[in-house]
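Trainee: quick check, what structure comes out for this input:
(one chain, ligands or ions: 1)
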Amino acid sequence: MENKLQELKSKIEGAESIIIFSHVSPDGDTLGSNLALNIILDKYFNKKADSVFVGKLPNMYSYLPNYEKFIDVAEIDKSKKYDLAIAVDVAAKDRLVFGTEIFDNAVYRVNIDHHKTNIGYGDLNIIDAESACVGAILYKIFKEWKLKVPLDAARCIYTSLMTDTGGFKYENTTPETFMLAAELVKTGVSPTKEYRACYETKPQSMVQFQAYVVSNTVFYNNGKIAFSKITRSDMSKFNAEDDYTEGIVEVLRTSKDVEIAAILKETKEGYTKVSLRSKTKDLTSIATDFGGGGHSFAAGCTIKKPVAIAYDKLLARVQSELE
Ligand SMILES: [Mn+2]
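Mentor: Residues are numbered from 1 along each chain as shown. Okay, the predicted model is just below:
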């Protein structure tokens with residue numbers, strides 16, 4: 001690990017141009033990590049990196065410092081050759097979608113992640129599946145480099161930690177999680193402010209949309225399975241943005257007997273984007289069967305079939321897992 005961090009440091013120092021990638025359908029960890037790293041590169045290495053997102057940037061994280069600096073990867077010239085590309089929280093290279101080419105074109109590629117399904121697609125791979133979030137990996141790296149993490153970067157890392165642990169309650173919540181949270185709060189981060197900014201600023205239509213999706217839940221296998229689907233017409237009825245689905249699958253899991261919950265959302269292309277959550281079963285084999293990936297209790301995939309067909313296929317697969 002020490003060698004890897006030395007390697008990363010020297011690549012940063014030697015790079016004239018740096019790009020930092022977040023994954024498609026960005027969450028709090030990939031965005032928080034991206035901005036935290038950017039702030040550190042600026043402050044301690046005097047490097048102005050391009051922080052990029054793929055697809056659509058959700059509104060719910062707009063309270064993060066420097067959020068307005070995020071660049072849509074589609075606006076970057078595909079032939080541009082960066083000296084250094086760093087992907088944060090990107091479980092598989094295809095999660096960069098149309099950013100993949102720019103990532104591949106870079107002179108040196110770094111993959112910093114905590115998904116156990118990550119195969120190590122970078123020239124340098126810093127993967128710690130034990131880590132609650134990528135923000136926590138970065139914090140360790142910064143400490144290793146003896147850098148004092150400033151408040152704005154600490155806030156970004158706090159969001160990584162808070163969102164990837166579901167507000168300090170998922171299975172990845174460990175003593176280290178709270179120790180890191182304590183350090184960040186000591187730096188000046190306000191848990192109340194960050195929580196409110198992240199989770200209690202939903203548009204009214206989002207609250208109503210989420211309630212609607214939850215009310216459509218169908219339970220199977222004596223309540224062990226909970227499925228709900230979302231079509232594009234449901235979305236347009238509520239003027240729903242793509243991030244309106246954030247957090248719904250966790251609500252399905254709150255039902256007493258539920259072991260596996262899934263939200264199936266129709267994409268613009270007519271495919272089906274699946275979010276899976278579980279209390280006890282490892283979901284990674286289900287997700288990888290459908291070309292996806294993730295963590296044991298939180299995984300996802302996109303099934304290239306219409307929702308109705310994907311629904312039946314996924315239900316059969318989930319039922320077989322519970323047998
Ligand atoms: Mn993550």
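Trainee: spatially nearest residue to Met60 (excluding sequence neighbours)?
Mentor: Spatial nearest neighbour of Met60, chain neighbours left out: Asp243 (5.8 Å); criterion: C-beta to C-beta, 6 or more residues apart in numbering. Backbone N, C-alpha and C define where each C-beta goes, glycine included.
Trainee: my read is that that neighbour contacts Pro58, right?
Mentor: Yes - under the criterion of C-beta atoms under 8 Å, Asp243 makes contact with Pro58 at 3.6 Å.
Trainee: please name the residues that touch the closest residue to the ion within the stretch 1-150 of the chain.
Mentor: Relative to the ion, the nearest point of the stretch 1-150 of the chain is Asp29 (3.4 Å; C-beta to the ion). Asp29 makes contact with Asp89, Cys133, Val134, Gly135, Thr159, Ser160, Thr163, Asp164, according to C-beta atoms under 8 Å, 6 or more residues apart in numbering.
Trainee: okay, the nearest residue to the last one once chain neighbours are set aside: pLDDT?
Mentor: Leaving aside its chain neighbours, Asp164 sits nearest to Cys133 (3.7 Å; criterion: C-beta to C-beta, 6+ apart). Cys133 is assigned a pLDDT of 98 by the prediction.
Trainee: just give the number of residues close to Cys133.
Mentor: As a burial measure, Cys133 scores 27 neighbours (other C-beta atoms under 10 Å).
Trainee: ok, now Ile86?
Mentor: Ile86 has 31 neighbouring residues, counting by other C-beta under 10 Å.
Trainee: surely it is in a helix?
Mentor: No - counting by DSSP: H, G, I helix; E, B strand; the rest coil, Ile86 is located in no helix; its state is strand.
Trainee: what sits against the nearest residue to it once chain neighbours are set aside?
Mentor: The shortest distance from Ile86 to any non-neighbouring residue, by C-beta to C-beta, 6+ apart, is to Val110 (4.4 Å). If you count contacts by C-beta under 8 Å, 6+ apart, Val110 has them with Leu8, Lys11, Leu84, Ala85, Ile86, Ala87, Gly122, Asp123, Leu124, Asn125, Ile126.
Trainee: what is the neighbour count of the third one?
Mentor: If you count neighbours by other C-beta under 10 Å, Leu84 ends up with 24.
Trainee: pLDDT score for the closest residue to it other than its chain neighbours?
Mentor: Once flanking residues are discounted, Leu84 sits nearest to Ala15: 3.9 Å by C-beta to C-beta, 6+ apart. At Ala15, the model reports a pLDDT of 98.
Trainee: could you tell me which residues make contact with Ala15?
Mentor: Lys47, Tyr82, Asp83, Leu84, Tyr108.
Trainee: picking that back up, secondary structure class of the residue of the stretch 1-150 of the chain closest to the ion, three-state.
Mentor: Using three-state DSSP, the structure places Asp29 in helix.
Trainee: hmm, Ala106 is touching Ala87, no?
Mentor: No - the pair Ala106 / Ala87 is not scored as a contact, 10.1 Å apart, by C-beta under 8 Å.
Trainee: higher neighbour count, these two?
Mentor: The residue with more neighbours, out of Ala106 and Ala87, is Ala87; 30 against 22, by other C-beta under 10 Å.
Trainee: once you drop chain neighbours, what's closest to that one?
Mentor: Among residues not flanking Ala87 along the chain, Phe21 sits closest, at 4.5 Å (C-beta to C-beta, 6+ apart).
Trainee: pretty sure the one you found contacts Val88?
Mentor: Yes - Phe21 is within contact range of Val88, at 7.0 Å (criterion: C-beta under 8 Å).
Trainee: where do the contact lists of those two overlap?
Mentor: Jointly contacting Phe21 and Val88 under the rule C-beta under 8 Å, 6+ apart are Asn34.
Trainee: so what's the residue of the stretch 151-300 of the chain found nearest the ion up against?
Mentor: Closest residue of the stretch 151-300 of the chain to the ion, C-beta to the ion: Asp164 (4.6 Å). By C-beta under 8 Å, 6+ apart, Asp164 lies in contact with Asp27, Gly28, Asp29, Ala132, Cys133, Gly135, Tyr170, Asn172.
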